[in-house]
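**Q** I need the structure of the sequence given here:
(one chain, ligands or ions: 1)
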Amino acid sequence: MPSFAPAQLSHKDRYHLLINAIVPRPIAWITTRDAAGTVNLAPFSFFNGVCAQPPIVSVSIIDRVPPKDTLVNLRANGEAVVHLVPMGELERMHASGGEYAHAVSEAEVLGLALLPSVRVAPPRLAIADVAFECRLHRIVEVGQPVASLCLLEVVHAHVAEWIATEDGLPDPLRMRAVARLGARNYLTGDGWKIRAMPAQDVPPKLR
Ligand SMILES: Cc1cc2nc3c(=O)[nH]c(=O)nc-3n(C[C@H](O)[C@H](O)[C@H](O)COP(=O)(O)O)c2cc1C
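**A** Prediction:
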């Protein structure tokens, strides 16, 4: 069984150690806007929930030269919309991770319709089943090359009618958001095997 200290690995292999093992990863499909009004769209799978009160999600944006537009826009105005990726949007989500110039809107190039947001300036994707309008809470810089761990507070949420439960919350089994496996492989909801488990039976003395 291969076992090693991460320091023995190249930077590339350290990255693959994480992304091939931590699977499936949810994907934050993020719109931001710059001062000229250009709407940027990009996917990020170092993404998760952090805290419920206030509701905060985390996205880790790895530094490069020039820096990623999403990070540039977040640092400039602190606003973003985080979407989960509907199953039918795998191809356009993947394409939006390509290299586009700062002045180019990936949403426009890919023909994705936008709707105005309620609390933030960046618009949201009309096609998304769940959209979280977010304000930047804090950026924590980690490692070298720097990963900017962006903590984003959800200030308004949109849930599509067809995936909403009676109380308006998202039903993950109806939503079936796309997740990432390794580098260019994805998990889509049509291939899921769902297993519901009973509540845990806790011995009375531990209750
Ligand atoms: C599914 C997917 C997940 C990605 N996850 C991340 C991530 O978590 N962090 C990151 O820095 N880049 C990630 N990338 C790469 C960025 O999407 C890519 O660098 C993109 O060009 C950044 O766009 P921007 O310059 O418009 O912000 C991912 C790409 C794909 C396709």
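**Q** Flag every residue of this protein that's near the ligand.
**A** 27, 40, 42-46, 60-62, 68-70, 94, 97, 99, 180 (C-beta under 6 Å from any ligand atom). In short, each C-beta sits where N, CA and C put it, glycine included.
**Q** So which of these belong to helices?
**A** Within those, residues falling in helices by DSSP state H are 69, 70, 94.
**Q** which residues does residue 68 contact?
**A** 42, 61, 62 (C-beta atoms under 8 Å, 6 or more residues apart in numbering).
**Q** Just the strands from this structure, written as ranges.
**A** Secondary structure of the chain (DSSP state E): strands at 25-26, 28-33, 39-44, 47-52, 55-62, 79-83, 114-115, 124-125, 130-142, 147-159, 179-181, 185-187.
**Q** which other residues reach the fourth one?
**A** Pointing back at strand 47-52 there. Residues from elsewhere that reach strand 47-52 (C-beta under 8 Å, 6+ apart): 25, 26, 27, 28, 55, 56, 57, 58, 59, 60, 82, 151.
**Q** Compare those residues and tell me which is most surrounded.
**A** Using other C-beta atoms under 10 Å as the neighbour test, the contacts of strand 47-52 are led by residue 28, with 27 neighbours.
**Q** can I assume residue 69 is in contact with residue 105?
**A** No: here residue 69 lies out of contact with residue 105, judged by C-beta atoms under 8 Å, at a distance of 9.9 Å.
**Q** Excluding chain neighbours, what is closest to the closest residue to the ligand within the chain?
**A** For the chain, the residue closest to the ligand is residue 97, as judged by C-beta to the nearest ligand atom, at 2.9 Å. Leaving aside its sequence neighbours, residue 97 sits nearest to residue 43 (C-beta to C-beta, 6 or more residues apart in numbering; 5.0 Å).
**Q** again, but for residue 178
**A** The nearest residue in space to residue 178 (C-beta to C-beta, 6+ apart) is residue 85, at 4.1 Å.
**Q** wait, what's in contact with the one you found?
**A** By C-beta under 8 Å, 6+ apart, residue 85 lies in contact with 27, 29, 43, 93, 128, 177, 178.
**Q** follow-up on the earlier one: anything in contact with each of residue 69 and residue 105?
**A** Residues touching both residue 69 and residue 105 (C-beta under 8 Å, 6+ apart): residue 40.
**Q** Quick check, central residue of the protein?
**A** Centroid check for the chain by C-alpha atoms, centre = their mean gives residue 28 as the closest residue, at 1.3 Å.
**Q** what about that residue, distance to residue 194?
**A** Taking C-beta to C-beta, to the nearest Å as the measure, residue 28 falls 23 Å from residue 194.
**Q** still on that earlier bit, give me the buried entries from the contacts of residue 68.
**A** Buried subset of the contacts of residue 68 (neighbour count, 16 or more other C-beta atoms under 10 Å): 42, 61.
**Q** and of the contacts of residue 68, the nearest to residue 74?
**A** When these are ranked by distance to residue 74 (C-beta to C-beta), residue 61 comes first, at 8.0 Å.
**Q** what's across from that closest one in the sheet?
**A** Using DSSP bridges, the bridge partners assigned to residue 61 are residue 148.
**Q** Good, we can wrap up now.
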